[in-house]
Every structure is written in structure tokens, then in C-alpha cells.
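J.: sequence below, structure please.
(chains A and B)
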Amino acid sequence: MLKGSSWKRLLGIGILGAGLWAWGGCSRDGGDQTTITIKGSDTMVHLVSEWAEAFMDGNPGLEVMVTGGGSGTGIAALLNRTTDICAASRDMSKKEYDEAEKLGIEPKEITVAMDGIAVIVNPGNSVSELSLDQVRRIYTGDYANWSQVGGPDLGIVLLSRESSSGTYVFFQEHVLNKQDFAQSAMRLPATSGIISGVGSDRGAIGYVGLGYAEKAAGEVKSLGIRADGSSPAVAPSVASVQSGEYSIARPLFLYVAGEPEGALKEFIDFCLGAEGQKIVADTGYVPVK
Amino acid sequence: MTTRWKEKAASLVFVGAASMSILIVALIFIFIGREAGPFLSDPGLGLLLNARWAPVSFQGESYGLLPLITGSLLVTALATVLAIPFGVCGAVYLAEVASPLEKELLKPGIELLAGIPSVVIGFFGLVVLAPKIKALFGLPTGLTGLTGAVLLALMAMPTIISISEDAIRSVPESYKKASLALGATRLQTIWRVTVPAALPGIIAAIMLGVGRVIGETMVVLMVTGNAPVVTADPLTPVRTMTATIAAEMGEVPFGSDHYRALFCVGVVLLVATFLLNLAAQRALKKYGVKT
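T.: Model (predicted):
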């Protein structure tokens, strides 16, 4: 039914299509020794950027590219071999380690700093301390009103990070005791979203890294956290995280595929060295030593 | 001999260029279907049909698409309801009432609205609109489905206005002249003769506007609050399909269940938009609206 010329045209289009398919399927090989890519934690992106800048100042031949996107994004990138180093504010899960093994990657975990997670509320909220259990019950949806935890009669607005965030997963594991966040919790794309949300909504509660909370000290109020009902409330600070008194604290990691060599090793040694750790302290995080 | 060869080569190049778009659409469908497909056999289709979207969980992941679909539907429906009056009235004004000078000012203005990047509109919504809506309705937060819907209506309006205007202008002059000759006023002619005659084209315009709105990502990611709840209340945070894909796609390891679930969301989106656009184009063609 089709004329000869139409068949030829269809064949031509088919060949074009197959060509596109094949081209799309080709894998590209990249990476060179003079550029280091670091992807991952939004919490750490400011710190890692400061490291990158200081490192590049001292090593003019090397370039370090830093992007955020969340710890989950960084780990996925490490497994997909689209980054050299992954910055993560949580440790890799067993599933991720299994996935790495399947792909022939041996991730090496290096603790480079510590961080406290501050639970923040609006400065107009009368509540100034909560127990860990109360925070958990607020975020799993058990408590819906501030009056249930000694505050004003105001609905609680839950602000959270997206599930790709290491802060989200750490909070879920250690504060919520592996329970799920309430479905009604709003997932905001970045820490700045939580800070502005808490700053503008009187009934809002959020969780952010210590450095961000300290920088936004006028806009938001950090709550003192009681480890259990009877302990005293501990305010988040560099000192209380280092001493272990503050309950919601976590190590920050850099992950590399295999043992770091060459430029990667130089960068990591820099981060763990005196200058790197001083930058950690300056940006509001807690040095490892 | 050379001229024939050159002509053949030229026509091949043109055919190739034109068929690229169809090829790419077909390949996109195939690729997305291929990535989403395994989900239907391994975790199973049933897992997509519940009301809990919790892809990262220690308790057991849940990939229910229902909250995402209702979120998209709520925001899109509300945006359409908000955009239709402004869109149709705007088109009527442009086509029937406006003087040439007014048209010169209004048409570029509308095109400008269409050209504003969605992230800028989202930013505007976050900083200006959300606090206003929060104050207006006395809400605990301004990041709601309504905020998203208002911004999406702003984005759909230029599409609706342009195509509706073309539809109204395609109505034969004889209809209008006949109506006026029978003693109807201009207003009566517009609302009882011209607009009903242009209705298929206007409906197609609305469908195209909806098609644009349903796929909008950046605006809803920034202003709707992203809470995966099944709700019909526009004054609470909701989560759309598009925002879910944008927010979560970066994190997933290739081939995991979460990855495939996101592709299933993509399939739903693709099919919905495709059908909508197809129906709209068919309607436009059938009623002879020249766009």
C-alpha cells in the first residue's frame, strides 16, 4: 500500500532513530587529575567551599568544584562515578554499601568535622526548651498544637528538608528513632527555606545545622534540648557538641571511592590539618580534634 | 544528474530535520517506559495505588502516587478556574473591543508575562505572594496549594489569551454582522454569538493552558510546601508530581525502587500532558482555528 519512495523515507527515519539510540547509549569517560569535583551535603556545602577556596589558593595548579544537592545526591553521584569526593552529613546506609559493592566501588569514609543540629522556632514562640522525646512526637505528628508542650495555643507547622538531605535522614534515625516524619510536614528544598519559614511563621518549627542557626540568630531561636525528661536543657553550641552534652550531634564525612591518591589525598589531608580544622571552627562547625 | 542528486540530498536533510521531533518524542516515551517498566513486576503496580508517599523510610518505603496526583490535580484545577475568566475576557477584549493602540500595548505585555522565567515567578510568589495569602486567610503558613495555583494561573493566562483570541477572530464576520443587523447590542453579540461560535477553540486554548500548567515544576517546588497529603483544601501545603521528581531525582541510585517509582510518576505526567495536548490540537484543527 505504501509507495516505494515512502518506504525509503521510513527506512531513513528508522536509521536516524537507531543512530540517536546508539549515540545516547554510548558512555563517556571523563575525569582528569587537575580538577577535583565534590558533590553532596547541603549542610556542608559552605564549609567545603571554604576549604576549596583555601586549598586552591595554596595549590594554583588544582581546581576544586563544589556543588550541593543533599547527602543522598552526593552518595548517588559517587556511586555513579560523576564525582571524585562526596560530602555527606550522614553515614552511608547498608543499601548504599551493597549498591557500591555491586558497582565495584569501595567507599572510604573520612570524618572531617562534627555538627550539631539545632531545633529552631520563631523568636515569638514562648517555648525555649524541649525534651528529645517531645521533639520526636512533634515531628511524627503526635503533637499538633504548641499548647501540648507548654507553649501558646497555636498550631504546629512542621518544616523539614527533602528526603535527599543527610540532615533529614540523620534526624529521622536519631531524633525520630527511625519513625517516619508526619506526612503533613512541609519538605523545603534547602536550609535557607527552613530558616525563612521559621522566621516568618509563628507556629513553625524546623531543624538546621548549627552553623546556619548561629548565623540566623536574630531571625530564629534555637531550643535547648533535654536528653530525657529529667536532664537539664543543653543549648546547641560548638562547646556542647564537642563535649558530647548536646544530644543531637553528628559527624560530617567525606567519602572517596577507594583510597584517596594524588590530588584527592592532598585535599583531604588539608581538610584534616590545622588550617582546615581552623576553617571548620570559623564556619560554625566543630573541629574533629 | 548532479541537480537531481542535490535535490534528493536536500529533501533528505529536510525530512530528517522534521522527523527529529517525532523521533525524539517517541524515544522519550520508550526510554521512560523502559525505566519505569520493571517497577510493575518487581514491587508491583499495587504499591503505586495507595495514599502514602514515603520513599525514604526505616519503617518500610511506600510509593503511593495518590497524594502526588491529587496535589497536581488540585493545583492545576484551581489554576484553571482562576485563569479562565481572566483569559477569556482578556481574549474577548483584545479581539473585539480594544483599539489598535491598546492592542499594541497589551499584546507585548502579555507576551512578556509568558516570557518570565518560572523560577523568577516562584521567587516572587515566595517573597511577595505567600505572606499576603498567609495574612489574608490567617493561615499558619503561606506555602499552600492556593499560592501555587495563583502563580500557575498567571503562567497559563498568556497561552489561553493568545489562542482564544485567534479562535474569536476566526469567527466569520457574517455572524457578527447578522447579529448586529438583527438589533443586538455589541455586548450581546459578543457573549451570545461570537464567543459561543468560538467555544471549541477557546476550550482547546484552555486545554493547552492546562497542559502547560500541569507540567510546571519550579514554581510549585518553591511555593506549595511539598507535603504529600491527599487533600482538597487549597489552603494547606500540597505536593505535586513535578516537584517530587525535581526534588528527589538527584538522590536516587540508578535502578533502585525509588528511581523506578519516580519514573512511574513521570509516565503518569507524560501520558496526562500528551493526551491533553493531543485533544487540544485535534479540537483546534477540527474547528479550523488558524494559529
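
J.: got the residues of the stretch 151-291 of chain B near chain A?
T.: B:221-222, B:225-229, B:236-237, B:239, B:247-248, B:250-254, B:256 (CB under 8 Å from any CB of the partner chain). (Glycine included, C-beta is placed from N, CA and C.)

J.: which strand or helix spans A:D115?
T.: Secondary-structure element containing A:D115, defined by DSSP states H and E: strand A:107-121.

J.: quick check: mean pLDDT of the helix or strand following that strand?
T.: With elements assigned by DSSP H and E, the helix or strand that comes after strand A:107-121 is strand A:129-131. If you average the pLDDT over strand A:129-131, you get 92.

J.: likewise stretch A:223-241?
T.: Mean pLDDT, stretch A:223-241: 87.

J.: that stretch spans what distance, first to last residue?
T.: 14 Å (CA to CA, to the nearest Å).

J.: in it, what's buried?
T.: Neighbour-count burial for stretch A:223-241 flags A:223-227, A:234-238, A:240-241 (criterion: 16 or more other CB atoms under 10 Å in any protein chain shown).

J.: how much space between the closest residue to B:T189 other than its chain neighbours and B:S164?
T.: Excluding the flanking residues, the one nearest B:T189 by CB to CB, 6 or more residues apart in numbering or on different chains is B:S179, at 4.3 Å. To B:S164, B:S179 is 19 Å away according to CB to CB, to the nearest Å.

J.: who's more crowded, these two?
T.: Using other CB atoms under 10 Å in any protein chain shown as the criterion, B:S179 and B:S164 rank with B:S164 on top: 30 against 18.

J.: who are the neighbours in contact with the more buried one?
T.: When contacts are counted by CB atoms under 8 Å, 6 or more residues apart in numbering or on different chains, B:S164 touches B:87-88, B:91-92, B:198, B:201-202, B:205-206.

J.: for it, which non-adjacent residue is closest in space?
T.: Counting by CB to CB, 6+ apart, B:S164 lies nearest to B:A91, which is 3.5 Å off, once chain neighbours are set aside.

J.: doesn't that neighbour lie inside a helix?
T.: Yes: B:A91: assigned to a helix according to DSSP: H, G, I helix; E, B strand; the rest coil.

J.: tell me who's in contact with it.
T.: By CB under 8 Å, 6+ apart, B:A91 lies in contact with B:160-162, B:164-165, B:167-168, B:202, B:205.

J.: and the residue of the stretch 151-291 of chain B found nearest chain A, how far from A:K265?
T.: Nearest residue of the stretch 151-291 of chain B to chain A, counting by CB to the nearest CB: B:E251, 3.3 Å away. Noted for B:E251: a distance of 27 Å to A:K265, by CB to CB.

J.: how about the strands in the stretch 51-200 of chain B?
T.: Taking DSSP state E, counting those that start in this stretch to define them, one finds strands in the stretch 51-200 of chain B at B:53-54, B:62-63.

J.: the first one vs chain A: in contact?
T.: Yes: figure legend: strand B:53-54 in contact with chain A (CB under 8 Å from any CB); contacting residues B:53-54.

J.: that strand packs against which elements?
T.: strand B:62-63, helix B:66-92 (3 or more CB pairs under 8 Å, 6 or more residues apart in numbering or on different chains; DSSP states H and E).

J.: in TSV: the buried residues of stretch A:223-241, plus secondary structure and distance to chain B.
T.: Conversion of the buried residues of stretch A:223-241 to TSV gives the following (DSSP: H, G, I helix; E, B strand; the rest coil; distance: CB to the nearest CB, whole Å):
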residue	secondary structure	distance to chain B
A:L223	coil	19
A:G224	strand	24
A:I225	strand	21
A:R226	strand	24
A:A227	coil	21
A:V234	strand	26
A:A235	coil	26
A:P236	coil	24
A:S237	coil	29
A:V238	helix	29
A:S240	helix	27
A:V241	helix	24
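
J.: picking up where we left off before, and the helices and strands packed on strand B:53-54, which one averages the lowest pLDDT?
T.: strand B:62-63 (a mean of 90).

J.: partner strands of that strand, with direction?
T.: Partners of strand B:62-63 in the sheet, by DSSP bridges, are strand B:53-54 (antiparallel).

J.: avg pLDDT for the partner strand?
T.: Regarding strand B:53-54, the rounded mean pLDDT is 90.

J.: ok, how many other residues are close to A:G19?
T.: Neighbour count for A:G19, taken as other CB under 10 Å: 11.

J.: to clarify, my last question referred to B:R52.
T.: Counted with other CB under 10 Å, B:R52 comes out at 17.

J.: residues in contact with it?
T.: Neighbour list for B:R52: A:183, B:62, B:64, B:67, B:228 [criterion: CB under 8 Å, 6+ apart].

J.: tabulate those residues (a markdown table), appending distance to B:A280 and neighbour count.
T.: Shown next, in a markdown table, are those (distance: CB to CB, whole Å; neighbours: other CB atoms under 10 Å in any protein chain shown):
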| residue | distance to B:A280 | neighbour count |
| --- | --- | --- |
| A:Q183 | 34 | 18 |
| B:S62 | 35 | 18 |
| B:G64 | 30 | 20 |
| B:P67 | 27 | 24 |
| B:P228 | 29 | 26 |
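
J.: residue ranges with poor pLDDT in chain B?
T.: Applying pLDDT under 70 to chain B flags the ranges B:1, B:253, B:288-291.

J.: grab the most central residue of chain A for me.
T.: Centroid check for chain A by CA atoms, centre = their mean gives A:S41 as the closest residue, at 3.3 Å.

J.: flag the shaky bits of chain A, pLDDT-wise.
T.: Across chain A (using pLDDT under 70), the flagged ranges come out as A:1-5, A:21-33.
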